[in-house]
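Asks: Show me how the following folds:
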Amino acid sequence: MSARAATFLAWLRRGGIDGRIVGGEDDRRVAVARLILAVDASWAIGNLAYGIWAASFWFITLGTCYLLLAAMRALLIFGIRRGEGTRAVKTMRICGLLVASLAFVDCGFVALASSEQGGFVYPEAAIYAVATYGFVSLGASVGSFASNRRHANQLMFALSNVNLANALISILALEMAMVTLFSSSDDPSFIATMNLLTGGMVIVADIALGLLLVRRSKQLAAR
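Replies: I've put the predicted structure just below:
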C-alpha cells in the first residue's frame, strides 16, 4: 500500500461515516444499524399515521413493531458509543424487555391474520425474492448472534439479538404471505394452523432472546 493510500485510510478511520465503515467490523455494524434505524423509524411513523387515519389495526400493529425495533437500535447505538459501565447494563436490560415485548406484537399479527383483518401480501413473482432475502437475513443474524456471544462489548451481542428478532418477524411475515398466496381458500383452518404454529415459535424465540439479554445484564452488573 502506498504512503498516500495509508494516510487516506488513517484519516477515514479517525471519524465520519466512512471512517466507521472501514475502521473495523464493529464500526461497520454500528454504521449499518444507524441506516436501519432511520428506515425503521420512518416506516414505523408512516404505518402508525396511516393506521390511525384509516382505523386499521393491522397497520397500527405493524407500526408498533417497527417503532419498538427502532427504539432498541437507538438505545444500543447510543450505548455502544458511551462504552461499558452502569449505563450499558441498564441499556441491555431495557433492550431485553423490549425484545420480549415483541411477543405481544407477534400475537397481534397472528390474531389479525387469523381473523382476516389484513396481512402481508406479495405478488407471486416477488415472493421468491422476499423469501431469499428473509432466509439470508435469518442466516446472517444467527451467525452474528453466535459470533458475538463472547464479544468484549456485550452491547454488540445485544444488537445481534435485535437483528435476530427482526429476522424472525420477517420470516413470520413471509410465512403468512406464502400461506395466503398458495393455500386454498376452501381450507381456512390450514391457514390458521400454520399462522399459529409459526407465530408460536417466533413468540417463544422473542421471549427467550429477551430473557437472555436480561440475564446477561445481571451478569454484567455483577462484574
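Asks: pLDDT below threshold where in the protein?
Replies: The chain contains residues with pLDDT under 70 at 1-24, 83-85, 116-124, 183-188, 223.
Asks: Distance check, the residue nearest the centre of the chain against S56.
Replies: Central residue of the chain (C-alpha atoms, centre = their mean): N166, 2.4 Å from the mean position. Taking C-beta to C-beta, to the nearest Å as the measure, N166 and S56 are separated by 22 Å. Quick note: C-beta positions are derived from backbone N, CA and C, even for glycine.
Asks: do the same with D206
Replies: 23 Å.
Asks: The two - which one has more neighbours?
Replies: Counted by other C-beta atoms under 10 Å, D206 and S56 do not tie: D206 has more neighbours, with 24 against 17.
Asks: In contact with the more buried one, which residues?
Replies: Residues near D206 by C-beta atoms under 8 Å, 6 or more residues apart in numbering: V99, A100, L102, A103, D106, A165, L168.
Asks: now E175
Replies: Counting by C-beta under 8 Å, 6+ apart, E175 makes contact with M194, N195, T198.
Asks: which residues in the protein form helices?
Replies: Secondary structure of the chain (DSSP state H): helices located at 3-13, 16-23, 25-54, 57-82, 86-114, 124-147, 154-182, 188-222.
Asks: Show me what counts as buried in the third one.
Replies: To tie it back to what came earlier, the one meant is helix 25-54. For helix 25-54, the buried set under the neighbour-count rule, 16 or more other C-beta atoms under 10 Å, comprises 26-27, 29-31, 33, 36-37, 40-41, 43-44, 47-48, 51.
Asks: ditto for the longest one
Replies: Under the neighbour-count criterion of 16+ other C-beta under 10 Å, helix 188-222 has 191-192, 194-195, 198-199, 202-203, 205-207, 209-210, 212-214, 216-217, 220 buried.
Asks: Wait, R93 touches L211, no?
Replies: No. At 11.0 Å, R93 and L211 do not qualify as touching, with contact defined as C-beta atoms under 8 Å.
Asks: Alpha carbons only: can I get stretch 155-170 in CSV?
Replies: C-alpha atoms of stretch 155-170 as CSV (Å, rounded to 0.1, in the frame of the first residue of the first chain):
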residue,chain,number,x,y,z
LEU,A,155,-24.0,-4.4,23.7
MET,A,156,-22.8,-5.7,20.3
PHE,A,157,-24.3,-9.0,21.4
ALA,A,158,-27.5,-7.2,22.3
LEU,A,159,-27.5,-5.7,18.8
SER,A,160,-27.2,-9.2,17.3
ASN,A,161,-30.3,-10.2,19.4
VAL,A,162,-32.3,-7.3,18.0
ASN,A,163,-31.2,-8.2,14.4
LEU,A,164,-32.3,-11.8,15.0
ALA,A,165,-35.6,-10.8,16.4
ASN,A,166,-36.1,-8.6,13.3
ALA,A,167,-35.3,-11.5,11.0
LEU,A,168,-37.8,-13.8,12.8
ILE,A,169,-40.5,-11.2,12.3
SER,A,170,-39.6,-11.2,8.6
